[in-house]
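**Student:** Structure of the sequence below:
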Amino acid sequence: MADLNSAISRLEEVTSRLLRFEAKLGQSAVPVAPAAAPSSAARPSAPNGSAPTPATGGSAAEVAAYEKLLSEQLQPFMTAAAAVGGEVHEASKLADKAFKEQRTVLLVAAKAKQPPPEQMQSILQPVAEPMMAASALADNRRSAVFQQNKVLAEALQALSWLAYTGPSCGMHTPAQHISESWNSAEFYANKLLKEFRGVDENQVNWVKGLKELYTALQKFVSANYPMGLKWNPSGTSNIAEAVAAATAASPAAATAPSAAVSKGPTPAVRATGAPKGPPPPAPPPPPGLKDMLLKERPGAAAAVSNGNSNGGPGGAGMADLLAALNKGSAVTSGLRKVTDDMKAKNRTDRSGVVPTGPAAAKPAAPRSASQAATGPPRFELEQERKWVIENQVGHQELIVNIKDPKQSVYIYNCSGSVVQVKGKCNAISVDKCKKTGVVYENVIAACEMVNCSSIQVQCTGAAPTMSIDKCDGVQLYIPAALAAHPDFQVRQAVLLSAVYPGDMQVQTCASDADKAVT
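**Tutor:** Numbering: from 1, shown residues only. Sure, this is the predicted structure:
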């Protein structure tokens, strides 16, 4: 028993000596208890003797979740954009750049303290550049991919959630802001789906990929940044250093596509601190201008010879001006007098009598048909509802194919043209047309003619009402279906004739009557 107590005492003494030795070395090579945590000696030291990077409060998990979003949502979207190709692919590169620059902003927030507003603007500038470029592309309504550009421009506004700083900043919460931005973009996205479903599946996949991308972005922001960006309170205050480190760590630094897209203005380049060059100098004066001025102002010659051509203080030009002002009422003594023979009433060449005979002024030449229309010609469908045909001259085959009965047709300021409306439309309006023919099939509401002259209108189907107002020389061709019960609303019309089946014509003159219905 004594030997056992002695062995235990010796073991305790050895253990205490080892603990004291460990304390001197500052290491934990020998664990004291099985439940003890791993010592700091087991951790790998930072390269080149630098201190290890401090923890960022879970930012690594958030950035990893965002990188997962880029790989699972952004990459399939860009693959669908590449399948569409053309301007859609080039415009989609703006979304690719904006999402990759957003990753850089998240890395900066993980490494730095919250900056002041002016520095925050410079941090968000790389994200704002592709957003502005997409908006510039969407402003071109004549583009063949206007709907696609509009979807991208409206959807990219969702990335401005990065600027949310609290309830008092004037914005909705980040997740709600992303949802509202996509709702604006979805209006145009549904148009694309309606147009290309069953026609071009690449376009449909592009729209679906964009929707899945923003749905995933809303879930990511709602889970990780519900109240805006999370800044590192123990991070660095040097924002430039944090931006440089985040840019170097971001894959967008090496693969960011150019924001320049064909037929769109180039976005503002990130400021580099270099001053802009001076503006170009003004062009030289035209030859002979100096001599002409010297002849008109003899007093200026002395000023030019004295090196004071601008007439400054002390120059001969200013001195002459002051001397002339000091003359008082005598300043007008140098003016020429108007004699009687100079007066218009005494001049024989300006008697005011209109000459007759061969000396009479030639009448103005009549305007040709090509000069009748003013403004550029138009033939387009506005907002999927209204066909606009304007300023067409001498076109005999203007064909409008109606696909939706809700669409209407508006014909304005056409001359010497023929318009054919095929299909069933809501209404037809003919305004300020001359020597124009209109042939249509079916109209739901009415066919109106206003301020027209010498026009012909033929209905091959059905039209409940025909309205004629302030027209001169209108010839209507009525189908058999409307011959029994025609409904005309006529107001201030001259030389109106209606042709029924069997060559029966009815003529009426309602120029003096305020209202006449036949």
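**Student:** Could you pick out the longest helix of the protein?
**Tutor:** helix 86-111 (DSSP state H).
**Student:** and it, what's its mean pLDDT?
**Tutor:** The average of the pLDDT scores along helix 86-111 is 90.
**Student:** And the next helix or strand past it?
**Tutor:** As assigned by DSSP states H and E, the chain's next helix or strand after helix 86-111 is helix 117-138.
**Student:** Can I get that next one in PDB, CA atoms only?
**Tutor:** The C-alpha trace of helix 117-138 is given here as PDB (Å, rounded to 0.1, in the frame of the first residue of the first chain):
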ATOM      1  CA  PRO A 117     -22.200  57.500 -47.700                       C
ATOM      2  CA  GLU A 118     -19.700  59.000 -50.100                       C
ATOM      3  CA  GLN A 119     -17.500  55.900 -49.900                       C
ATOM      4  CA  MET A 120     -20.500  53.700 -50.100                       C
ATOM      5  CA  GLN A 121     -21.300  55.200 -53.500                       C
ATOM      6  CA  SER A 122     -17.900  54.300 -54.900                       C
ATOM      7  CA  ILE A 123     -18.200  50.700 -53.600                       C
ATOM      8  CA  LEU A 124     -21.600  50.300 -55.400                       C
ATOM      9  CA  GLN A 125     -20.400  52.000 -58.600                       C
ATOM     10  CA  PRO A 126     -19.200  48.800 -60.300                       C
ATOM     11  CA  VAL A 127     -22.700  47.300 -59.800                       C
ATOM     12  CA  ALA A 128     -24.400  50.500 -61.000                       C
ATOM     13  CA  GLU A 129     -22.500  50.700 -64.300                       C
ATOM     14  CA  PRO A 130     -24.100  47.600 -65.900                       C
ATOM     15  CA  MET A 131     -27.500  48.700 -64.500                       C
ATOM     16  CA  MET A 132     -27.200  52.100 -66.200                       C
ATOM     17  CA  ALA A 133     -26.000  50.400 -69.400                       C
ATOM     18  CA  ALA A 134     -29.000  48.100 -69.500                       C
ATOM     19  CA  SER A 135     -31.400  51.100 -68.900                       C
ATOM     20  CA  ALA A 136     -29.700  52.800 -71.900                       C
ATOM     21  CA  LEU A 137     -30.400  49.800 -74.100                       C
ATOM     22  CA  ALA A 138     -34.000  49.700 -73.000                       C
END
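**Student:** packing partners for the helix or strand that comes right after that helix?
**Tutor:** Heading C-terminal from helix 117-138, the first helix or strand you meet, by DSSP H and E, is helix 146-156. Contact here means 3 or more CB pairs under 8 Å, 6 or more residues apart in numbering; DSSP states H and E; on that basis helix 146-156 packs against helix 86-111, helix 117-138, helix 174-196, helix 201-224. To be clear about C-beta, it is placed using only N, CA and C from the backbone, and glycine gets the same treatment.
**Student:** now those helices as a markdown table including distance to Glu384?
**Tutor:** Below are the helices and strands packed on helix 146-156 laid out as a markdown table (distance: least, CB to CB, whole Å):
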| stretch | distance to Glu384 |
| --- | --- |
| helix 86-111 | 20 |
| helix 117-138 | 17 |
| helix 174-196 | 8 |
| helix 201-224 | 17 |
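**Student:** Reformat those into JSON lines and put mean neighbour count and distance to Asn401 next to each item.
**Tutor:** Shown next, in JSON lines, are those (neighbours: other CB atoms under 10 Å; distance: least, CB to CB, whole Å):
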{"stretch": "helix 86-111", "mean neighbour count": "22", "distance to Asn401": "26"}
{"stretch": "helix 117-138", "mean neighbour count": "19", "distance to Asn401": "28"}
{"stretch": "helix 174-196", "mean neighbour count": "17", "distance to Asn401": "15"}
{"stretch": "helix 201-224", "mean neighbour count": "19", "distance to Asn401": "22"}
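**Student:** for these, which one sits closest to Leu325?
**Tutor:** helix 117-138 (54.2 Å; CB to CB).
**Student:** of the helices and strands packed on helix 146-156, which approaches Cys414 most closely?
**Tutor:** helix 174-196 (28.8 Å).
**Student:** how about that closest one as PDB, C-alpha atoms only?
**Tutor:** Taking Å, rounded to 0.1, in the frame of the first residue of the first chain, the C-alpha atoms of helix 174-196 are listed here in PDB:
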ATOM      1  CA  PRO A 174     -34.200  44.200 -49.600                       C
ATOM      2  CA  ALA A 175     -36.400  41.200 -50.200                       C
ATOM      3  CA  GLN A 176     -39.500  43.300 -50.900                       C
ATOM      4  CA  HIS A 177     -37.500  45.600 -53.200                       C
ATOM      5  CA  ILE A 178     -36.300  42.600 -55.200                       C
ATOM      6  CA  SER A 179     -39.800  41.300 -55.500                       C
ATOM      7  CA  GLU A 180     -41.200  44.600 -56.700                       C
ATOM      8  CA  SER A 181     -38.400  44.900 -59.300                       C
ATOM      9  CA  TRP A 182     -39.200  41.500 -60.700                       C
ATOM     10  CA  ASN A 183     -42.900  42.300 -60.800                       C
ATOM     11  CA  SER A 184     -42.100  45.300 -63.100                       C
ATOM     12  CA  ALA A 185     -39.900  43.100 -65.300                       C
ATOM     13  CA  GLU A 186     -42.500  40.300 -65.400                       C
ATOM     14  CA  PHE A 187     -44.900  42.500 -67.300                       C
ATOM     15  CA  TYR A 188     -42.500  42.400 -70.300                       C
ATOM     16  CA  ALA A 189     -41.400  38.800 -69.600                       C
ATOM     17  CA  ASN A 190     -45.000  37.600 -70.000                       C
ATOM     18  CA  LYS A 191     -45.200  39.200 -73.400                       C
ATOM     19  CA  LEU A 192     -42.100  37.300 -74.400                       C
ATOM     20  CA  LEU A 193     -43.500  34.000 -73.200                       C
ATOM     21  CA  LYS A 194     -46.800  34.700 -75.100                       C
ATOM     22  CA  GLU A 195     -44.900  35.600 -78.200                       C
ATOM     23  CA  PHE A 196     -42.300  32.800 -78.300                       C
END
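**Student:** tell me which residues in stretch 419-432 are buried?
**Tutor:** 419-421, 424-432 (16 or more other CB atoms under 10 Å).
**Student:** what about the helices and strands packed on helix 146-156, which gets the closest to Ile468?
**Tutor:** helix 174-196 (36.9 Å).
**Student:** shaky segments in the stretch 251-400 of the chain?
**Tutor:** 251-317, 350-373 (pLDDT under 70).
**Student:** what about 80?
**Tutor:** Within the stretch 251-400 of the chain, the ranges that satisfy pLDDT under 80 run 251-334, 347-374.
**Student:** and the longest helix of the chain, what does it pack onto?
**Tutor:** helix 59-69, helix 75-84, helix 117-138, helix 146-156, helix 201-224, helix 239-249, helix 252-255.
**Student:** Packing partners of the lengthiest strand in the chain?
**Tutor:** Determined from DSSP state E, the single longest strand within the chain is strand 453-462. For strand 453-462, the elements it packs on are strand 437-443, strand 446-450, strand 472-477, helix 480-483, judged by 3+ CB pairs under 8 Å, 6+ apart.
**Student:** What does Gly85 show for phi and psi?
**Tutor:** phi 80, psi -170 (degrees, to the nearest 10).
**Student:** now Tyr440: how far from Ser417?
**Tutor:** 14 Å (CB to CB, to the nearest Å).
**Student:** Kindly report the same for Trp231.
**Tutor:** 66 Å.
**Student:** out of those two, which sits in the busier spot?
**Tutor:** Ser417 (24 against 16; other CB atoms under 10 Å).
**Student:** Do I have it right that Ala158 meets Trp182?
**Tutor:** Yes. Applying CB atoms under 8 Å as the test, Ala158 and Trp182 come out as touching, 6.3 Å apart.
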